[in-house]
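S.K.: Fold the following.
(4 chains)
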Protein chains: 4
Amino acid sequence: MSVVTDVDQTIRQVRREVAALHAELPKYGLVVWTAGNVSARVPGHDLLVIKPSGVSYDDLTPDNMVVCDLDGKVVEGEHAPSSDTEAQAYVYRHLPHVGGVVHTHSPYAVAWAARGEAIPCVTTMCADEFGGEIPVGPFAIIGDDSIGRGIVETLRESRSPAVLMQNHGVFTVGPNARSAVKAAVMCEDVARSVHLSRQLGQPIPIAQPSVDALYDRYQNVYGQR
Amino acid sequence: MSVVTDVDQTIRQVRREVAALHAELPKYGLVVWTAGNVSARVPGHDLLVIKPSGVSYDDLTPDNMVVCDLDGKVVEGEHAPSSDTEAQAYVYRHLPHVGGVVHTHSPYAVAWAARGEAIPCVTTMCADEFGGEIPVGPFAIIGDDSIGRGIVETLRESRSPAVLMQNHGVFTVGPNARSAVKAAVMCEDVARSVHLSRQLGQPIPIAQPSVDALYDRYQNVYGQR
Amino acid sequence: MSVVTDVDQTIRQVRREVAALHAELPKYGLVVWTAGNVSARVPGHDLLVIKPSGVSYDDLTPDNMVVCDLDGKVVEGEHAPSSDTEAQAYVYRHLPHVGGVVHTHSPYAVAWAARGEAIPCVTTMCADEFGGEIPVGPFAIIGDDSIGRGIVETLRESRSPAVLMQNHGVFTVGPNARSAVKAAVMCEDVARSVHLSRQLGQPIPIAQPSVDALYDRYQNVYGQR
Amino acid sequence: MSVVTDVDQTIRQVRREVAALHAELPKYGLVVWTAGNVSARVPGHDLLVIKPSGVSYDDLTPDNMVVCDLDGKVVEGEHAPSSDTEAQAYVYRHLPHVGGVVHTHSPYAVAWAARGEAIPCVTTMCADEFGGEIPVGPFAIIGDDSIGRGIVETLRESRSPAVLMQNHGVFTVGPNARSAVKAAVMCEDVARSVHLSRQLGQPIPIAQPSVDALYDRYQNVYGQR
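M.R.: Sure thing, here's the model as predicted:
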């Protein structure tokens, strides 16, 4: 079996995964219309698979996913890729441990992002998944490297797999696309709980040693091994 | 094939589109019971197709849509048309580029409308879709041209395809009915995110040149060409 | 065909209607678990049909609805009737134009009810359906006539088909059960929009002549004749 | 039929119940992703059945539930049990009347928990189901007996079947798993209504004799006997 065939099989598998994971975004109320997307690195290759631009979630199939190189240039696919492809390609180029990226405009997270305010770590779920506060990245507009650079610089200084881009929305990363989707779901849940809590007073901070203990345990013990 | 037959075929197609698009309104939480509607201009004719008044979304079919002339008089259909028909007919008469109109009482948008307050442009989604703030139109009650006139006068002074009519609800327009539905979905999403953001402080404004850059790009590059 | 047979047929029809209408309560987020119910008068008879107590909405069928007389005594049915039966029977005894009653603990309406605060008429939807503010009834606990009396006395002084019982929830009435369900849906929608509007400032009141004009038109022109 | 066979049949039945009840958690918006669980005591045996850790609600079956002893040690099952198993086992060991336990991070309840604030009894639903305020337990992190001990000590001083663990989430108990699920649903509903009410003013307290009368009636009369 040739190397080319292996790439083809791997791409087909990633197309299926990425197409299927998009269903989680509307299911958890993270997106409206076509405003959000999932991408995945093709393992072992300098390629990514991403949603086509402006196509409804109900119409996504493995076949209409778009394959791009890590400069965001289309390699395979009939459709124009998501307008967030350049930003996500930048992330894959600069963070080699990242295998999946998700972008949403989920409402509670956007509420924090529009104020340019990090979400403080006041719930055990936030400590478990994000290892501290969920940080804010810079205001950056689409069209050059500035969104990608903002994501990477913010995530490098944090344990969090999620960043709130100011006035914009959420980008999450993970070792694979499923983990990045999970982080996007958890980010909105934390954004909402802490928003609600703050509406009627001040949530109690969690001391750093407890945050660390919760994070370590969740990253290393939770789930099936 | 006669001209009359062409009109009939076109009307049948528009009936199908308008009936189907109504499903998006409850799906995105923009309406309850029967309180909202979609209409479309019949391309090339001084006619519009609109929801029948007081009929449940589950019961809408291409056949029970109502065809009216641009004065709002019923031309074809067994049912009384939406009570918003006069306002929407006024819009089609005065804004020739408009091919679709949507009306909702979506809750976050109504919250801004009841205070008579425009939604400030503090998220990239708002800049993308609305090109600035979402404006407020006058208080006007049903029964004469005042709602239609209020919509048209407000939209003429704005890039926004959405207007919040004071104490009332949302009207959106687009080159076709699908675009108007999209604007209604986006309007509620923006109304909600900015509402939430304002509850805990002041969102950061987006500078006008960035708003313009985002709007131009989204209108001209986003989606499939 | 005997009179008895006519009653049986009518009851069967009302059982079907009441069982089916319960599906609207969870659909519109007005209830959780088993906490809400619909009843209907059996036209032409001193009987009502109501939900069995503590049975899940998914398990409701025409056959497990309970038929009671207007003192709330079970006439037909295997199950204990809703614990709200006495209050609803009181309404049917004292308001002969009422053909349907709905009770919910819908969250935004309960928020107003827990403060004992009427919902001001600041949206056209509120003027259309309720003809003014949605009034508050007294605190009354279950077990005697006090809930029913509170509902009737409050509704008699208002055009509203909905009353917020203090610290408790919503009761709505209508000429039939479907109208009462509609009023319950609209009540929560208005309670939510006005709540949201008030969170960030003061909604603009609608002048009484406009409220009257909207109410008259909606009651007499809206829908299919 | 041997005693062993009886245990096996009982366990199979409890596996089915526990697997099925998990569907209520996402249905009522009490959980996201895999963050919540239901367990049940195996009647007549020192065993409990609980969700496997980190498995999606859609993938739960009777077969992948995990059987543990009351020290939280796995007795039967292919999967690692929920990371909350130790806390729930502690509850079963110390509260013999408890037959079911539920844990969620439902958003409104977490909002109260993050402030360390009990939910005051200002609605009849809260009096009915919780018999007073919903209390707060201590901050405790996972890994020893401290969560279980916090739950038990808080519930022993209250009529409430629900406790808000500070900065964490909700634990509810009941004579069986279904009752504990009901308490979790009601807890979030009460947390939301009272949160909303407090946003615009002060809810009116319910006097203790009325709370007692409502609680007694609901516990003894509501539902089918």
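
S.K.: Going by C-alpha atoms from here, please, whenever you check contacts or count neighbours.
M.R.: Will do.

S.K.: anything in stretch A:80-87 sitting right up against chain B?
M.R.: Yes. Applying Cα under 8 Å from any Cα of the partner chain, one finds stretch A:80-87 touching chain B at A:80, A:82, A:83.

S.K.: for those residues, which one is nearest chain D?
M.R.: Lowest distance from chain D to those (Cα to the nearest Cα) belongs to residue A:82, with 25.4 Å.

S.K.: which residues does that closest one contact?
M.R.: When contacts are counted by Cα atoms under 8 Å, 6 or more residues apart in numbering or on different chains, residue A:82 is found next to A:37, A:50, A:51, A:52, A:53, A:54, B:223.

S.K.: what bridges to the fourth one?
M.R.: This means residue A:52. For residue A:52, the beta-bridge partners under DSSP bridges are residue A:81.

S.K.: Which strand residues bridge the closest residue to residue A:50 other than its chain neighbours?
M.R.: The shortest distance from residue A:50 to any non-neighbouring residue, by Cα to Cα, 6 or more residues apart in numbering or on different chains, is to residue A:39 (4.4 Å). For residue A:39, the beta-bridge partners under DSSP bridges are residue A:50, residue A:101.

S.K.: for chain A, what spans make up the helices?
M.R.: Residue ranges of the helices in chain A, as given by DSSP state H, are A:3-21, A:24-27, A:85-94, A:107-115, A:124-130, A:146-156, A:177-199, A:208-220.

S.K.: looking at these, which is buried most?
M.R.: Of all these, helix A:107-115 carries the top mean neighbour count, a mean of 29, counting by mean count of other Cα atoms under 10 Å in any protein chain shown.

S.K.: so what does the lowest-mean-pLDDT helix or strand in chain A touch, helix or strand wise?
M.R.: The helix or strand of chain A with the lowest confidence, counting by mean pLDDT, DSSP states H and E, is helix A:3-21 at a mean of 90. With contacts taken as 3 or more Cα pairs under 8 Å, 6 or more residues apart in numbering or on different chains; DSSP states H and E, helix A:3-21 sits against strand A:36-41, strand A:47-50, helix A:177-199.

S.K.: Mind putting those into a markdown table with distance to residue A:65 and mean pLDDT?
M.R.: A markdown table is the format used below for the helices and strands packed on helix A:3-21 (distance: least, Cα to Cα, whole Å; pLDDT from 0 to 100):
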| stretch | distance to residue A:65 | mean pLDDT |
| --- | --- | --- |
| strand A:36-41 | 9 | 98 |
| strand A:47-50 | 6 | 98 |
| helix A:177-199 | 14 | 98 |
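
S.K.: Which among the ones you listed is found nearest to residue A:102?
M.R.: Counting by Cα to Cα, residue A:102 lies closest to strand A:36-41 out of the helices and strands packed on helix A:3-21; the figure is 4.5 Å.

S.K.: what about dumping the CA coordinates of that closest one to CSV?
M.R.: The C-alpha trace of strand A:36-41 is given here as CSV (Å, rounded to 0.1, in the frame of the first residue of the first chain):
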residue,chain,number,x,y,z
GLY,A,36,-18.8,28.5,14.0
ASN,A,37,-16.6,25.7,12.9
VAL,A,38,-14.4,22.7,13.8
SER,A,39,-11.1,21.8,12.2
ALA,A,40,-8.6,18.9,12.7
ARG,A,41,-5.0,18.3,11.7
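
S.K.: now that strand, how far from the chain's geometric center?
M.R.: Its chain's average C-alpha position is 7 Å from that of strand A:36-41, according to Cα atoms, centre = their mean, to the nearest Å.

S.K.: Give me the packing partners of it, helices and strands only.
M.R.: Packing partners of strand A:36-41 (3+ Cα pairs under 8 Å, 6+ apart): helix A:3-21, strand A:47-50, strand A:100-104, helix A:177-199.

S.K.: what does chain A have sitting close to chain D?
M.R.: Selection of chain A residues close to chain D by Cα under 8 Å from any Cα yields A:28, A:122-125, A:182, A:185-186, A:189, A:192-204, A:206, A:210, A:214, A:222-224.

S.K.: Check those residues one by one and keep those near chain B.
M.R.: Restricting the residues of chain A next to chain D to those within reach of chain B (Cα under 8 Å from any Cα) leaves A:195, A:198, A:199.

S.K.: For the last one, give me its contacts.
M.R.: The neighbourhood of residue A:199, defined by Cα under 8 Å, 6+ apart, consists of B:199, B:200, D:199.

S.K.: Repeat the analysis, applying 7 Å as the threshold.
M.R.: Counting by Cα atoms under 7 Å, 6 or more residues apart in numbering or on different chains, residue A:199 touches residue B:200.

S.K.: quick revisit: ok, of the contacts of residue A:82, which one's closest to residue C:9?
M.R.: The closest of the contacts of residue A:82 to residue C:9 turns out to be residue A:54 (Cα to Cα; 54.1 Å).
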